[in-house]
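Participant: After the sequence you'll find the predicted model.
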Protein chains: 2
Amino acid sequence: MNTSKHTVVIVGYGGMGSYHAGLIRENDRLEVTGTYDLLEERRAASVEAGYRSYASFEEVLDDSAVEIVLIATPNDVHKEIAIQALQAGKHVICEKPVAMSSDEFKEMLAAAGEAGRTLMVHQNRRWDEDFRVIKQMYDKETIGSLFQLESRVHGANGIPGDWRHVKEQGGGMLLDWGVHLLDQLLFMIDSRITSVSSSLSFILGNEVDDGFEAVIQFENGVKAMVEVGTTNFISLPRWYVKGSEGTAVIEDWSLTGRYVTRNNEGVRVEPKPIRAGVGLTKTMAPPSEGATITEALPAAAELPSSFFDNFADVIEGTAEPIVKNAEVLRVQHLIEAIFAAAEKNEVIKNFDLYTSK
Amino acid sequence: MNTSKHTVVIVGYGGMGSYHAGLIRENDRLEVTGTYDLLEERRAASVEAGYRSYASFEEVLDDSAVEIVLIATPNDVHKEIAIQALQAGKHVICEKPVAMSSDEFKEMLAAAGEAGRTLMVHQNRRWDEDFRVIKQMYDKETIGSLFQLESRVHGANGIPGDWRHVKEQGGGMLLDWGVHLLDQLLFMIDSRITSVSSSLSFILGNEVDDGFEAVIQFENGVKAMVEVGTTNFISLPRWYVKGSEGTAVIEDWSLTGRYVTRNNEGVRVEPKPIRAGVGLTKTMAPPSEGATITEALPAAAELPSSFFDNFADVIEGTAEPIVKNAEVLRVQHLIEAIFAAAEKNEVIKNFDLYTSK
């Protein structure tokens, strides 16, 4: 064991827990030294992978060699585990969604504050390249000022087959995937939300949503549509965004995409009406030749460091967190507004206390 | 002149008026015998095309040889022209949107009733093949019970350059294109609307909307999204629809498209998690090989006859109108609800008095 690395114990060694172990193996600053899981088969898998399997969570807490607890359990026990770990003097990395509600998260924040320890949420999809390409276009106005963003993930596999079906454990797609897409959106757009409307889908007959769509209006004029579906046998593009000078699309995570802008250099030629269906339309005719320019997607915006490097910097006191808890709390409030908008079938307004820094 | 045909005078011989003349030239039952337009160049064009140019609208009304007045003027004068024509004993074909408001349309309906003459609105896009393919899938449950319909038309040419920019003349995309998409939707779905939310777009700085999107919830569980855009340099598919057994897409008016369904014959194989962005996902992984079937679009649903043949049948008393005025009135109410939802930024409920026949 390289003692210069920060020691991590993963609580919950399922799909995400073992994925984290793999990621941390590639990191220079952190090192997984053990895991804790309720299930015998996962304890065995941990030992096989070379990580000590703790017999109880108390044993983790009592082990002064453990600096960091990484929580990858179902959502309903994040709060309890995090608070105990913080009170035992550990730093905490928590999977998303951080908690079942903003109130739960506030309790966790209070515990971190009292203990003087770091709590950081693994909002890893801020690092997704597709998102960072869109962020670049937003920041640099590649297609003019972006005013409409549509962020979709479409699958056809339903809800994964475990606790994500169960409401009491924090299942459902708004909490599972929605939290990523909303986190990306709020990380990118520095403006107050003025209204939210939404609908949840319950096609698969679960007690939790198998998808949702939400329309989010920002004070700066940007309108965002966020959609998650698990009953989509054909996918719409991952990103579809409109700016004052053009439109961009990213089809999928392979980063297939392009942007098309108005050609301000070209001679202005009125488009010719086309026959469309049984009717005639000039409005919906393709722009005249030379009226637009198609280009490859720009390079992605860079973030200052990786999630785990940033975490190491934060606990060493040399950097601010990239995933700030105030941002996570705001996403949690937004999720609650989306649930409320869908349940009441109303437009929810004036819930966002956010003010730009 | 073939006297066995019903005589039509076109009022407003602009783009749509001359398009109608061309369509009627191909029809066995109707014949354009003249036009009336305010502009000298259009009068000349009419004479050149072989149609008498009437010197005044009164001259049209006084001409007992004229059976039908076809109105292809800006929207704000539809009502006045229609009522005068009906009172003069003419049948009326009116371009869409039929009027500036449901109240205006009710006045037109009263005039038709009093005169005992036919008033029919040219909702021609009920005959569009792309729509009829979707209607077939809805009626026949090709991909199971359809529960989500997304109907979009995207252009990048802005609003066409004439009265369609002017609010007082009934301009804007909700009235121009929205009326088609909403008419298709209500023609297909025999269920009461329970709520509507919407937003209008004013990107181009006109006093009228340059596009809109509306989410329409039906009592039978169908949710529809209707969107028109004129600032879209890349187009999303014309139709994207989800059923209980699959998903279908129609890209554009060329009828490029497909549908993908669950393969109920196949062996159920869990999809493998994929790396997507910086994360892992099983939910959004492509379905396992053999888990789905891709097929070509089905043939389109047939309507009993063409618009103009149906009109001839109706005035001869041998058929019911395919475009019923009660349906047109309902679409007009829906448009008003969409305007209200956008202006108030609220979900509008309980406005649809519709009951299934």
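Facilitator: Arrived safely.
Participant: in the stretch 51-200 of chain A, what residue is nearest chain B?
Facilitator: residue A:128 (3.0 Å; C-beta to the nearest C-beta). Yep, even glycine has a C-beta here, placed from its N, CA and C like the rest.
Participant: how about that residue, what does it touch?
Facilitator: By C-beta atoms under 8 Å, 6 or more residues apart in numbering or on different chains, the residues touching residue A:128 are A:184, A:253, B:276, B:277, B:278, B:279.
Participant: Surely the first one and residue A:151 touch.
Facilitator: Meaning residue A:184. Yes - if you go by C-beta atoms under 8 Å, residue A:184 and residue A:151 touch, sitting 7.0 Å apart.
Participant: In space, what's closest to whatever residue of the stretch 251-357 of chain A ends up closest to chain B - neighbours in sequence excluded?
Facilitator: Of all residues in the stretch 251-357 of chain A, the one sitting closest to chain B is residue A:277 (3.0 Å; C-beta to the nearest C-beta). Nearest residue to residue A:277, sequence neighbours excluded (C-beta to C-beta, 6 or more residues apart in numbering or on different chains): residue B:128, at 3.0 Å.
Participant: Then residue A:106?
Facilitator: Nearest one to residue A:106, counting by C-beta to C-beta, 6+ apart, is residue A:329 at 7.3 Å.
Participant: Might you report the residue contacts of the nearest residue to residue A:257 once chain neighbours are set aside?
Facilitator: Closest residue to residue A:257 apart from its sequence neighbours, by C-beta to C-beta, 6+ apart: residue A:250 at 3.8 Å. Shown in contact with residue A:250 (C-beta under 8 Å, 6+ apart): A:130, A:133, A:134, A:237, A:238, A:239, A:256, A:257, A:297.
Participant: same question, residue A:141
Facilitator: Contacts for residue A:141 (C-beta under 8 Å, 6+ apart) come out as residue A:243.
Participant: Can you report phi and psi for it?
Facilitator: Taking degrees, to the nearest 10, you get phi 50, psi 40 for the backbone angles of residue A:141.
Participant: Next one: it from residue A:135, what distance?
Facilitator: From residue A:141 over to residue A:135 the distance is 12 Å, taken as C-beta to C-beta, to the nearest Å.
Participant: can you check residue A:240 too?
Facilitator: In terms of C-beta to C-beta, residue A:240 sits 15 Å off from residue A:135.
Participant: Also residue A:320?
Facilitator: For residue A:320, the distance to residue A:135 - C-beta to C-beta - is 18 Å.
Participant: again, but for residue A:164
Facilitator: On the measure of C-beta to C-beta, residue A:164 and residue A:135 end up 28 Å apart.
Participant: for the residue sitting furthest away from the middle of chain A, what are its contacts?
Facilitator: Distance from the C-alpha centroid of chain A peaks at residue A:278, with 43.9 Å (C-alpha atoms, centre = their mean). For residue A:278, the contacting residues are B:124, B:125, B:127, B:128, B:129, by C-beta under 8 Å, 6+ apart.
Participant: Quick check, the third one in contact with residue B:304.
Facilitator: Pointing back at residue B:127 there. No - applying C-beta under 8 Å as the test, residue B:127 and residue B:304 come out as separate, 11.0 Å apart.
Participant: More neighbours: the two, which one.
Facilitator: Just comparing residue B:127 and residue B:304: by other C-beta atoms under 10 Å in any protein chain shown the higher neighbour count belongs to residue B:127, 18 against 10.
Participant: Give me the phi and psi angles of the more buried one.
Facilitator: According to degrees, to the nearest 10, residue B:127 has phi -90, psi -10.
Participant: Can you pull out the low-pLDDT segments for the stretch 151-300 of chain A?
Facilitator: The stretch 151-300 of chain A contains no residues with pLDDT under 70.
Participant: all strands of it, in order?
Facilitator: Counting by DSSP state E, counting those that start in this stretch, one finds strands in the stretch 151-300 of chain A at the ranges A:193-201, A:211-218, A:223-229, A:239-243, A:246-250, A:257-262, A:274-276, A:279-281, A:292-295.
Participant: All good on my end, thank you.
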